[in-house]
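Peer 1: got a predicted structure here, sequence first:
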Amino acid sequence: MITARAAASFEPVSRSVATARSFVRDTLQGWGFADIVDDAVVLTSELVTNAVVHAGTSADVLCLRAEDGVRIEVADRYPEREIPLQSSPVNMGSPDREGGRGLQLCAAMAGRWGVEYTPTHKQVWFQLDLPDRPVGTRTAGPSLPADLLPLADGRVRVAVVQIDRAGAINAWNEDAEELFGYAADQVIGKPLTDLAAWPHTPGTSTGVAEALQLSRWEGSYGIRGANGRVTPVYASHLRVRDAAGEPSTVCLLVRDHERAVLQTPNRVPTGDSGGSGEGGQATDPFEVFIGSPAPDDLDGLLQRTVERARDMLDGDSAFLLLATDDETELEVRASTGLPSARQRFARVPVEAGPGRYGSARMPAVHDDLAAVPGAVPLLNGTGMRSVVTVPLKVEGRLTGSLGVAAEAASRYSNEEALRLQFAADRIALAVESARLGELERLRRGSLSFLVEASDLLAGTLDRDQTLALMAQMTIPTLATWCAVYTIADQASDPYLSYVLHEDEDLIDGLKALLSKIPPPEPIPTPGARVWTAPAEAGHRAALHTSMRSLGLGEPATVSSGIGTTLATASAVGGETVVLPLVARNRVIGMLTLGKPTDEHFRQEILELAEDLSRRAALALDNARLYSERVAISQSLQRSLLPPELPDIDGVEVEVIYRAAGEGNEVGGDFYDLFPIRDGAYGFAIGDVCGTGPEAAAVTGLARHALRLLAREGYGGPAVLERLNSAIIDEGARSRFLTLLYGELWPQEDGSAVLKVVCAGHPLPLRLRQDGTVEPAAEPQPLLGVMEDLELYEQTVTLDPGDVLLCVTDGVTERREGTRMLGDDGLTEVLTTCTGLTAGAVAARVMRAVERFASDAPSDDMAILAMRVPGLQRD
């Protein structure tokens, strides 16, 4: 009796297959038929694929629920295709055939199945029966002898971790504390991604964060413990919701070698007991799996493949390697029963030795690896004795290698090799297609990564900031830790300039370790090269510290404890590579990237790191050149200003000078105050048009000419007239100059006499004791424009308490939008300075100028304040 039904139609496009799988899975889970969901999804996927891909028509899917099972019907609109009759005991051919594979799966997995025709439709149906179980039993297996039971530790610990909607840990049981070394209060509130050792791959979406969002998930990854080591775990995730509807994910974790505690038992196809599919050819469970839809991502496909391969040959471990583009090396991409964190992305040569057994291009069976050590480098030190390996090939090209190993010797023969080769041939095309899809996503992600990196590197010319950006961009996208070495010049040794680790607590220990070992050789050859020195040094330090802690060596005198030393050793214990930083045909440093213990880099990551190193090298060299230019400019700027100001009896003097910009251009503003002869002093403040070397040349000419001519006895007008001629004589290199020049004579009565000439410069302002402000000179032509100048000087007497304020136009022309400070604004500020010292006057004026506008000043500013305090009376 039918108790429920659900139907859906799907267009003849490839994405409809995935949509149909989701429809069937959601429907059957909603009906509570979790036991048969996977089989139903596999069969539906094959039949919908036949309809929408091979037949090219739309597909109608109907799910019918009964008390003892479910019937699913898939109809298409192409009835002319030849379909074997159920009643005919025909051989449906090899599983390699595309046609008939869906029916072969129906024969192998369904309790009953059949085909029905109408003039316009063809309908394939299958029925899956619910398994008969005693009341209270969900699944059950046969009784087994003790020696056939799965191995586990004396006490099996199951970590229970609950993850909230945001991915943060909100529950952590005692077994989790024992397995990973963290107390609950250390991890509650932290993202699980901070602890999970899941590979970081730019441009791909596979990761623990995505796995936590699925309704169910099983698989292997690693948890980085409190000691810095990665513990391989087998995990089972279940997405749940509380009474308020808030979702969370419950994660059950066991050590990877105890995976049998959590792992869902492999389904064995139901035998046909008199159904209409009777007479169908028996199918190997692994062959059925290979014919099923592959997972959407490459990592999931590879992991399921090695697990099925291990189960198919009753092995203890299995592994799958993918070939590099040039087919010279194989890279470990999935394994089970082996330390996966240690082996992942490790590389082995395709041609490991002479003969067919030394090449990954041919199937090979090794009866006893103990007799031929190193025959399979991947299995060194794992305890595996026998192994069978077969190649994965697509159109005659080697794309990978699949292997199954056992702890006992002589477990495998040519028969197992043929079975494994058959499975490898079935999966090779799917693996290659998924690999190409991953490479495309990776290339897109890499391009986006490099564009962002280029923008960041181009956004600064500061050397230290460039070093920091180089390291921060690599962590954790490319590596777990990074160190940047710089080389000042060809005669200098590499210097450790920057160190970064994804765990900030390990940075100091890592820097101390790298400081104790010789830096890598600055070899200009492009590409990444392996550097073993950090791992070896970390191992020695950990061994030495451990021996001392056991009382087997000298008493410990180091400040860091054994935990820090071991954590640092673990941090550098994996693969470390060095990439040269080459700019303008010179090695200017090295970018060093590292992984923690037993982890390796994948080839695509190294290629991305090489691209990044080229961009980073150019950015670092540009920052170096810019820093050198700034240093030269600042040195030149300082040379154009007086080294120190003389002390003048009876006169207070204060100067404030602010250069605009980042210091890369020499400004044209300058000032000077110097003794002419006994009792007489010269002072000047000026502004040369423009910036750069030409302006600096005129500034230097003006400052030194003023001193020389004044000390030769020339008066103010004569000094400026001769300076004007010298500037014009410079020809095309000349720049016009505004200049305020004066001579100062302190008087015995506490006053001071000044003679000033103002050549095109902002007028000096005199502040009297009563608060009035007035110009202290009249404007005259600027210098460097006209050949014949007739200038005159004006005499000003500063009474005790008076202030003379001289500024450059960077002060008066300070702007905020359309507003400008101007002479009037400066006068208002100066009127508030009555009774202040020269230093206080200059500081108040500068503060008012800075507050006038929110933007940074765009022009240099110089302020010269002179005040006559008067005679000091006892």
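Peer 2: Okay, I see it.

Peer 1: quick one: the strands in the stretch 751-874 of the chain?
Peer 2: 752-759, 765-767, 773-775, 779-780, 794-798, 803-807, 815-816, 819-820, 861-867 (DSSP state E, counting those that start in this stretch).

Peer 1: need those in JSON lines with mean neighbour count and mean pLDDT, can you?
Peer 2: Every C-beta, even on glycine, is put in place using the N, C-alpha and C of the backbone. Shown next, in JSON lines, are the strands of the stretch 751-874 of the chain (neighbours: other C-beta atoms under 10 Å; pLDDT from 0 to 100):
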{"stretch": "strand 752-759", "mean neighbour count": "22", "mean pLDDT": "95"}
{"stretch": "strand 765-767", "mean neighbour count": "24", "mean pLDDT": "95"}
{"stretch": "strand 773-775", "mean neighbour count": "15", "mean pLDDT": "94"}
{"stretch": "strand 779-780", "mean neighbour count": "16", "mean pLDDT": "94"}
{"stretch": "strand 794-798", "mean neighbour count": "16", "mean pLDDT": "94"}
{"stretch": "strand 803-807", "mean neighbour count": "27", "mean pLDDT": "95"}
{"stretch": "strand 815-816", "mean neighbour count": "14", "mean pLDDT": "88"}
{"stretch": "strand 819-820", "mean neighbour count": "13", "mean pLDDT": "90"}
{"stretch": "strand 861-867", "mean neighbour count": "25", "mean pLDDT": "93"}
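
Peer 1: residue 197: which of those is closest?
Peer 2: Residue 197 lies closest to strand 815-816 among the strands of the stretch 751-874 of the chain, at 55.2 Å (C-beta to C-beta).

Peer 1: who are the packing partners of the closest one?
Peer 2: Contacting strand 815-816 under the criterion 3 or more C-beta pairs under 8 Å, 6 or more residues apart in numbering; DSSP states H and E is no other helix or strand.

Peer 1: distance between the helix or strand where residue 606 lies and the chain's centre?
Peer 2: Using DSSP states H and E, residue 606 maps to helix 603-639. Centroid displacement of helix 603-639 relative to its chain, using C-alpha atoms, centre = their mean, to the nearest Å, is 20 Å.

Peer 1: repeat for stretch 5-18
Peer 2: On C-alpha atoms, centre = their mean, the centre of stretch 5-18 falls 39 Å from that of its chain.

Peer 1: then stretch 56-65?
Peer 2: 45 Å.

Peer 1: what residues sit buried inside that stretch?
Peer 2: Of the residues in stretch 56-65, 57-65 count as buried by neighbour count, 16 or more other C-beta atoms under 10 Å.

Peer 1: who wins for proximity to residue 116 among the strands of the stretch 751-874 of the chain?
Peer 2: strand 815-816 (84.7 Å).

Peer 1: after the helix or strand of the chain with the lowest mean pLDDT comes which helix or strand?
Peer 2: Across the helices and strands of the chain, mean pLDDT, DSSP states H and E gives its lowest value to helix 285-291, namely a mean of 45. Past helix 285-291, further along toward the C-terminus, the next helix or strand under DSSP H and E is helix 298-312.

Peer 1: pull the CA atoms of that next one into PDB?
Peer 2: The C-alpha trace of helix 298-312 is given here as PDB (Å, rounded to 0.1, in the frame of the first residue of the first chain):
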ATOM      1  CA  LEU A 298      38.500  16.000  -5.700                       C
ATOM      2  CA  ASP A 299      39.600  15.400  -2.100                       C
ATOM      3  CA  GLY A 300      36.300  13.700  -1.300                       C
ATOM      4  CA  LEU A 301      36.600  11.500  -4.400                       C
ATOM      5  CA  LEU A 302      40.100  10.400  -3.700                       C
ATOM      6  CA  GLN A 303      39.500   9.700   0.000                       C
ATOM      7  CA  ARG A 304      36.500   7.500  -0.900                       C
ATOM      8  CA  THR A 305      38.500   5.700  -3.500                       C
ATOM      9  CA  VAL A 306      41.300   4.700  -1.200                       C
ATOM     10  CA  GLU A 307      38.900   3.600   1.500                       C
ATOM     11  CA  ARG A 308      37.000   1.400  -0.900                       C
ATOM     12  CA  ALA A 309      40.200   0.100  -2.400                       C
ATOM     13  CA  ARG A 310      41.400  -0.900   1.100                       C
ATOM     14  CA  ASP A 311      38.100  -2.600   1.900                       C
ATOM     15  CA  MET A 312      37.900  -4.300  -1.500                       C
END
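
Peer 1: and for residue 619, the neighbour number?
Peer 2: Number of residues near residue 619 (other C-beta atoms under 10 Å) recorded here: 25.
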